[in-house]
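# A structural model of the following input is requested.
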Amino acid sequence: MEKSKWYKKAYRRNLVDIHIADWNDEFMEKFDADVYYENMKRAHVQSPMIYLQSHTGISYYPSPSGYTHKYFRKHPRAMNELIDKCQAGGMKVVAYYSLIFNNWAAEKYPHWQIRYADGSVWGDHGQRYGLCCPNNHEYRTFLVEQMKEIGEQFPNLDGIFFDMPYWEVVCHCDACKARWKKEVGGDLPTAIDWADERWRLFVKKRQEWMAEFAKYAESTAKRFLPETTVELNFAAVVSCDWLAGSTEGINEACEFTGGDLYGDLYDHSFTCKYYYEITKNQPFEYMTCRFNKRLREHTITKPELELEADVMLAACHHGATLIIDAIDPSGEMDGRVYDRLGNVFAKTLPYEQYMDKGVLDANVAVYFDSTTQFSSDGKPYNRECALASARTLIENHIPFREIANGAMNGLDRYDLIIAPALETFGNPEILKLIDYVKNGGKLYLSGKSDARLIKEFFGAEIIGETYGDTTYPHIYKGYDEVQAYVSPIAKDYKEIFWDFNDKYPLPIIYKLPIMSGFNGEVKAKITLPYTDPDNNTIFASLHSNPPGIATEHPAILECNYGKGKVIWSAANLEYDARTNFKDIFASIVKKEVSPRFTMEASKYVEIIVFKDGDDFYINLFDLNFAFDLVKREFAITVGNNYKAIELGSNSQLSVVGGVLKGNFEKYIWLKLEKI
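Modelled structure (predicted):
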């Protein structure tokens, strides 16, 4: 395999954070390349990511343009020796470099720093980190000098990883002001105001600028290391909001997609599907730490079962895993971590031969819009609702994929696309959903949604919200006040809503959008409380706002469009974590689609399906095994045209009456072979 594609078979990866200062002569004095390498071998690591520089801005090699750590001034080839050992041992080495986060540069060149509108910097607000603005031309020149040094001193690197390509602050430094004035004109907006078009343009510009900087970093690295793969940390897109300015534009600069995440396993599953969808090359890389749960607690390591869950869930999605450790200030490493990691990585070995087989298969997709990581009206926004949708699909054993900006080809493979809580932000990618429906697809929308879609599908517009013209200011009372209700009126939705009806409708704790001039069939209507919920002096019931006023405003609306259908819910039914809501949302999905394989199992068991010609690979994963290790039973309706093989043991399982039954602990990998 040529050097440029080293990552295709490297599923077990590691990073040892070295964000170590040098004000104490003891720092890094016990660094030992032999011990480091032996730890990598003991943990079955195929690709170590090795620090050449860090958030401190300090370099771990002789750097004429920057500042070299005292230890590495005394041992200038220490990192070369480590890299040589790893590569001689058959490992693929990726260099680590921190963008934007650079304490040394921020302190030495204060005019490079990201600044608040009042001129202050992040450090003035209690943060340890110095931030350099990616729009500053001198900082960009410095990056070129650093990449030139790295290219000259480490010419045989397999890859380079750029960390932290996102905004931590809304920058108003001189460089940003100048770029805005050149590209837009006038002064930078300073107030967060989603009704202000200049503010919204500024949010888009920040996204564009960060994507352009990512491409600048990638092209600079390629200039000096032309055979080296380039990856930028693409975690902020799913772990941060609009402030980060992180979109798929950053991913465009990556040969493959990866990033470090620290959420629960449902977040993990969502991210794996998202990364799988947008990466230019498989496998994607899921990065997480060995610490329990965050990097800030240096001495606490996840139990082995939790690490195994992290690694194997990515493997079940055919992704690589990178586990992050951190070096002691002395330069030592906790060898116990690598014993534990070795035990965990060994669990992937029997399955790696299957991890390039087939493509993720599902007839349901969830749309995640990275450009709108905000809510202009205080309601749940797209990512929050997409994550909640994914969790409900998992619990109901409905295989799904994700679609995202830049990865919206082949939409016709889906019977249903869930596109919740879309903001009106001018994203052209969203318009691809119109042709999808026209050609026979089904689409679920919720909330205020994108105005262009509402107009196209329903011939309507959102003209306000329930009690939106109240004369009473909203008063936070310390609990969720019921603002409106959803009353099902159509027979099919009366069944879906189960024990909710026009007398006892479904309560919603936020105001609902009002649609005007619509086409389509009303499946449910909005019911209001007896009194204005913002009026705390007149009420029907002291503790609650019982339903009392029926309206003609649609709460759920369906319409046919072309060969397809659109469902719009005024409420974000998919978002509420209560079982009542999850059951309603799942029933709407099940009404519209029939998965290729249906399964009966615990709600904690996720089904992940890959199609490989006429055969299928089915991975079942118990999302709760790290906390409750029990045997899970399953029954999958597969039909009579397949034989089933359990890949861990390579044993054949019985398919009786078209149903594959079995049990497992933790996870099981199955193959269905066409008879």
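# in the longest strand seen in the chain, what counts as buried?
The strand of greatest length in the chain, counted in residues with DSSP state E as the criterion, is given as strand 547-561. By neighbour count on 16 or more other Cβ atoms under 10 Å, the buried set for strand 547-561 is 547, 551, 553, 554, 555, 556, 557, 558, 559, 561. For every residue, glycine as well, the C-beta is placed using N, CA and C.
# now it - C-alpha only, CSV.
These are the backbone C-alpha positions of strand 547-561, laid out as CSV (Å, rounded to 0.1, in the frame of the first residue of the first chain):
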residue,chain,number,x,y,z
PRO,A,547,-56.0,23.1,27.7
GLY,A,548,-59.0,25.3,27.0
ILE,A,549,-59.1,27.0,23.6
ALA,A,550,-59.3,25.0,20.4
THR,A,551,-57.8,26.6,17.3
GLU,A,552,-57.7,25.9,13.6
HIS,A,553,-53.9,26.3,13.4
PRO,A,554,-52.2,23.1,12.2
ALA,A,555,-50.0,21.3,14.6
ILE,A,556,-49.2,18.5,12.2
LEU,A,557,-49.7,18.9,8.5
GLU,A,558,-49.1,16.4,5.6
CYS,A,559,-49.0,17.2,1.9
ASN,A,560,-48.2,15.3,-1.3
TYR,A,561,-45.6,16.9,-3.4
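# which helices and strands does it pack with?
The helices and strands touching strand 547-561, judged by 3 or more Cβ pairs under 8 Å, 6 or more residues apart in numbering; DSSP states H and E, are helix 451-458, strand 484-488, strand 513-516, strand 521-529, strand 564-569.
# what does the helix or strand that comes right after the second one contact?
Going back to what we said before, that points to strand 484-488. Taking DSSP states H and E as the definition, the helix or strand that follows strand 484-488 towards the C-terminus is helix 491-496. With contact meaning Cβ atoms under 8 Å, 6 or more residues apart in numbering, helix 491-496 is reached by 488, 501, 523, 524, 556, 584, 587, 588, 591.
# mean confidence for stretch 235-252?
Predicted confidence along stretch 235-252 averages 98 (mean pLDDT).
# could you check it and say which residues are buried?
Buried residues in stretch 235-252, counted by 16+ other Cβ under 10 Å: 235-240, 242-251.
# end-to-end on it?
The distance separating the two terminal residues of stretch 235-252, taken as Cα to Cα, to the nearest Å, comes to 14 Å.
# please apply the same query to stretch 349-361.
24 Å.
# how far away from the center of its chain is it?
Remark: stretch 349-361 is offset 22 Å from the chain centroid, using Cα atoms, centre = their mean, to the nearest Å.
# same question for stretch 412-432.
Counting by Cα atoms, centre = their mean, stretch 412-432 comes out at 17 Å from the chain centroid.
# for stretch 452-461, same thing?
Put simply, stretch 452-461 sits 29 Å off its chain's centre (Cα atoms, centre = their mean).
# which other residues reach that stretch?
The set of residues external to stretch 452-461 that reach it, using Cβ under 8 Å, 6+ apart, is 422, 424, 430-431, 433-434, 437, 443, 445, 451, 462, 515-520, 557, 559, 561, 566, 568.
# what do you get if the cut-off is 7 Å, keeping everything else the same?
Contacts of stretch 452-461 with the rest of the structure, by Cβ atoms under 7 Å, 6 or more residues apart in numbering, involve 430-431, 433-434, 445, 451, 462, 515-520, 557, 559, 561, 566, 568.
# cool, and stretch 368-385?
194, 207, 237, 241-242, 246-248, 274, 386, 402, 404-405, 420-423, 425, 427, 430, 446-448, 510, 572, 574-575.
# first-to-last residue distance for it?
9 Å.
# ok now that stretch, how far from the chain's centre?
Between the mean C-alpha point of stretch 368-385 and the mean C-alpha point of its chain there is a distance of 13 Å (Cα atoms, centre = their mean).
# average pLDDT across it?
Throughout stretch 368-385, pLDDT has a mean value of 96.
# what about residue 167, neighbour count?
Burial measure for residue 167: 23 neighbouring residues, criterion other Cβ atoms under 10 Å.
# list the contacts of it.
In this structure, residue 167 makes contact with 206, 210, 243, 244, 245, judged by Cβ under 7 Å, 6+ apart.
# tell me where the longest helix sits in this structure.
Among all segments of the chain classified by DSSP state H, the helix with the greatest residue count is helix 197-224.
# and that helix, what does it pack against?
Helices and strands in packing contact with helix 197-224 are listed as helix 137-153, strand 229-232, helix 248-251; criterion 3 or more Cβ pairs under 7 Å, 6 or more residues apart in numbering; DSSP states H and E.
# helix/strand/coil for residue 84?
helix (DSSP: H, G, I helix; E, B strand; the rest coil).
# first to last residue in stretch 193-200, what's the distance?
End-to-end for stretch 193-200, by Cα to Cα: 8 Å.
# with stretch 119-129 instead?
End-to-end distance for stretch 119-129, by Cα to Cα: 16 Å.
# and the average pLDDT for it is what?
Summarised as a single mean, pLDDT over stretch 119-129 is 97.
# cool, and stretch 460-479?
So the average pLDDT for stretch 460-479 ends up being 88.
# off-centre distance for stretch 114-130?
27 Å.
# in this structure, what spans have low per-residue confidence?
Within the chain, the stretches falling below the threshold (pLDDT under 70) are 1-3.
# can I see the domain layout of it?
Per the record, the chain has its domains at 3-255, 363-592, 598-674, by automatic domain parsing.
# what's the closest of those to residue 284?
Of all these, the one in closest proximity to residue 284, counting by Cβ to Cβ, is domain 3-255 (9.3 Å).
# circling back to that earlier point, and the contacts of the longest strand of the chain?
Everything outside strand 547-561 that qualifies as a contact, by Cβ under 7 Å, 6+ apart, is 437-438, 457-458, 485-487, 493, 505, 512, 514-515, 518-530, 540, 565-571.
# make a ChimeraX selection of the buried ones in the residues you listed.
Buried members of these, defined by 16+ other Cβ under 10 Å, are picked up in ChimeraX with:
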select :437,457,458,485,486,487,493,505,512,514,515,518,520,522,523,524,525,526,527,528,529,565,566,567,568,569,570,571
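# direction included, what does the longest strand of the chain pair against?
Using DSSP bridges, the strands paired with strand 547-561 in its sheet are strand 521-529 (antiparallel), strand 564-569 (antiparallel).
# re earlier: got TSV for the helices and strands packed on strand 547-561, with distance to residue 201 too?
As requested, these are exported to TSV (distance: least, Cβ to Cβ, whole Å):
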stretch	distance to residue 201
helix 451-458	17
strand 484-488	33
strand 513-516	24
strand 521-529	34
strand 564-569	28
